[in-house]
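*Asks:* Give me a 3D structure for the following:
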Amino acid sequence: MNFPRLLLSLFIWGTFCLTSCSSGSDGGSESSVDFRVSPSSLSYSAAGDTKTLAVVSGSTPTVSTSASWLNVTEASRSEKLSSTSYSVTADANVTTEAREATISVSAGSNSATVKVTQSAGTFSVSVSELSFAAAGGAQTFTVSGYGTIEVSSSESWLTATAGALDGSVTTVTVSADENSDEAARTATITVKAGTNSASVNVKQAAAAGVLTATAADIAPLMYPGWNLGNTMEGGNNANNWKNVGISTETSWQSTKTTREVIDFVKSRGFKSVRIPTAWVMGHVTSESEVTVDAAWMARVKEIVDYCVSDGLYVLLNDHWDGGWLENSFGDISDATVTLNAGKLKKLWTQIAEAFSEYDEHLLFGGLNEPDCDSQAKTNALLKYEQAFIDAVRATGGNNAKRTLVVQGPQTNISNTNKWLDLSKISDPAGTGYLMVEVHYYDPPQFTGVWENNQPVWFWGSENHVSGDSHNATWGEEDYVKSQFQLMKTKFADKGYPVILGEYGVNWRNLSSNQDKHDASVKLYHKTVCREAVNCGMIPMVWDINSPNQNGTTGIMTVINRATPSVFNPHALEGIQEGIAAAEWPR
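*Replies:* Numbers count the residues shown, from 1 in each chain. Sure thing, here's the model as predicted:
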């Protein structure tokens, strides 16, 4: 045997054995186990959730993510199966955008990524504004969205508390203390959810009884009055319970109302402005809630502000309004009256709340010319007037004592004297805060509201043209006095001043005797104003801004608003002279 060769053989064999035995001493090599990650993607709803991620590897894996809204934790490990389970939790998505992230998995030289997606969250607040009466109380609104909802109030008299999340909805309770101040107040509730935020504006009425001026106090300061006619009540009754925007202001006449127009009206000696206004006809965004279009409400307020800032008194009403109520008296069943009264309450609650901070210069009129031609229909009218009064008074603050105006049946003097019984109306304000409204267009053949081919051009005995068939045969000075005396005896003398909400005459362009007609127009306005004031009535001339004299239509106009200038000097002179000659009853 060759000894050196034997030693060499033994060395080679030993080296082989050493190498083979050291391999796989930990139970198997990394390459002997397939590297797997399951699933390859994860998807979450906005509400968030916990899902499982499984990793199979020959060595302990490392799992991580840079997304702050994801949390990855080891849940279990199986050495035998070389498997590790991870819990992957996604927070609720409080943003309004979908989001993505990546989970990185590595084990030795192996690596993989898992794509994670989450749906967009929601964030919305059910209201933008809350209103409280002076007495305070609690109201709620809801917030749609996931995650923790934080709420805070800007004022100490108002608190807000968020309840527990119910699905994706959180209910917030807002509580207002009683307001004992003589001024309305406001606050803001701030709502936050993650990076989202919203504000809820809160207003509270002033303490009840702030206004002390009664209807009798105000009335002598209001005459003469002027109508912003054919303007804010313009539109089309095909648009009842719809919203067509604020352009209707110029649908019946062409001039947008400006501060300059109102300034000119004041400069002519007028002390009050009646603003006939439509609400249901073209300015409602929700029929079921009778929700008034915010842009329309803002425009009406703008015009009211022009007047009030000029020291003028304002009568704001619900004027014809497509006839939704005024022409409904063919059906006075309990069911119909109850339904309509509910709608009227919703309407006037909004109007009253919008104007709650205005002082006694603002008056509200529930209707315009309710089409009541019987005692039974007038009884239904009283229910509507009661609904109007109750709605306004319930808003508190200045509205608790604001002067309100109720309309007589057809606003006709004879019918109002015959059928309207104010003892059947209850006013929470007490005695002294109501006025009554009637209109006067007699004789209609002269004023132009109804001629029936029998036009009258000459009014007042001193203005008659001998032998002319166009002389008035009734409704002249003595008739005016007798009609207005009815209102004085039944209402003004009993503490209910009367608004003569409309009167006027079409000024005609005649081929002869124009001077007699002009004098008739002047005398009519003078007589109406003098006798109205003498009887405790506030005369408010009707003016439709149609400055022309083309016959018998469209010319019941005193002021040309486009200029502005006086269009009918005879009417204005009559008004001024009648007011100067009158004396308010003491």
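*Asks:* Flag the shaky bits of the stretch 251-400 of the chain, pLDDT-wise.
*Replies:* For the stretch 251-400 of the chain, not a single residue meets the criterion pLDDT under 70.
*Asks:* can you pull out the helices in it?
*Replies:* All helices of the stretch 251-400 of the chain, identified by DSSP state H, counting those that start in this stretch, fall at 259-267, 294-309, 334-354, 375-394.
*Asks:* quick one: which of the ones you listed is nearest Ser154?
*Replies:* Among those, helix 334-354 comes nearest to Ser154, with 20.2 Å by Cβ to Cβ. No exception for glycine: its C-beta is placed from N, CA and C like everyone else's.
*Asks:* Only the buried residues of the closest one, if you could.
*Replies:* For helix 334-354, a neighbour-count test (16 or more other Cβ atoms under 10 Å) marks 337, 340-341, 343-354 as buried.
*Asks:* Tell me which two in those residues are the farthest apart.
*Replies:* Across those, no pair lies farther apart than Val337 and Ala354, at 25.9 Å, counting by Cβ to Cβ.
*Asks:* and the next element down the chain from the lowest-mean-pLDDT helix or strand in the chain?
*Replies:* None of the helices or strands of the chain scores lower by mean pLDDT, DSSP states H and E than helix 3-22, at a mean of 36. Next in sequence after helix 3-22, counting helices and strands by DSSP states H and E, comes strand 36-38.
*Asks:* Note down every partner strand of that next one and its orientation.
*Replies:* Strand 36-38 sits in its sheet next to strand 49-56 (antiparallel), going by DSSP bridges.
*Asks:* From the chain's centroid, how far away is the partner strand?
*Replies:* With Cα atoms, centre = their mean, to the nearest Å as the basis, strand 49-56 stands 53 Å off its chain's centre.
*Asks:* One more: stretch 363-375?
*Replies:* 23 Å.
*Asks:* same thing with stretch 350-361?
*Replies:* The chain centroid and the centroid of stretch 350-361 are separated by 12 Å under Cα atoms, centre = their mean.
*Asks:* got the CA positions of that stretch in CSV?
*Replies:* C-alpha atoms of stretch 350-361 as CSV (Å, rounded to 0.1, in the frame of the first residue of the first chain):
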residue,chain,number,x,y,z
GLN,A,350,-89.7,81.6,6.7
ILE,A,351,-90.5,85.2,5.8
ALA,A,352,-90.8,86.2,9.5
GLU,A,353,-87.6,84.5,10.4
ALA,A,354,-85.7,86.2,7.5
PHE,A,355,-86.9,89.7,8.7
SER,A,356,-87.0,89.0,12.5
GLU,A,357,-84.5,91.7,13.3
TYR,A,358,-86.3,94.6,11.5
ASP,A,359,-87.9,97.2,13.7
GLU,A,360,-91.5,98.6,13.5
HIS,A,361,-90.8,100.1,10.1
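*Asks:* what's the spacing between Tyr384 and Tyr313?
*Replies:* Tyr384 sits 24 Å away from Tyr313, going by Cβ to Cβ, to the nearest Å.
*Asks:* That should have said Ala183, apologies.
*Replies:* Distance from Ala183 to Tyr313, counting by Cβ to Cβ: 21 Å.
*Asks:* Which helix or strand contains the closest residue to Ser111 other than its chain neighbours?
*Replies:* In space, and not counting its chain neighbours, Ser111 is closest to Val105: 6.6 Å by Cβ to Cβ, 6 or more residues apart in numbering. Element membership of Val105 [criterion: DSSP H and E] is strand 99-107.
*Asks:* Just checking: what are the partner strands of that strand?
*Replies:* Applying DSSP bridges, one finds strand 99-107 paired with strand 62-65 (antiparallel), strand 110-118 (antiparallel).
*Asks:* State the mean pLDDT of it.
*Replies:* For strand 99-107, the mean per-residue pLDDT is 94.
*Asks:* Could I get the CA-only coordinates of that strand as PDB?
*Replies:* C-alpha atoms of strand 99-107 as PDB (Å, rounded to 0.1, in the frame of the first residue of the first chain):
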ATOM      1  CA  ARG A  99     -56.800  56.500  -1.600                       C
ATOM      2  CA  GLU A 100     -54.100  53.900  -2.300                       C
ATOM      3  CA  ALA A 101     -51.100  52.500  -0.400                       C
ATOM      4  CA  THR A 102     -48.500  49.700  -0.800                       C
ATOM      5  CA  ILE A 103     -47.500  47.000   1.700                       C
ATOM      6  CA  SER A 104     -43.900  45.800   1.200                       C
ATOM      7  CA  VAL A 105     -43.000  42.200   2.000                       C
ATOM      8  CA  SER A 106     -39.500  40.800   2.000                       C
ATOM      9  CA  ALA A 107     -37.900  37.500   3.100                       C
END
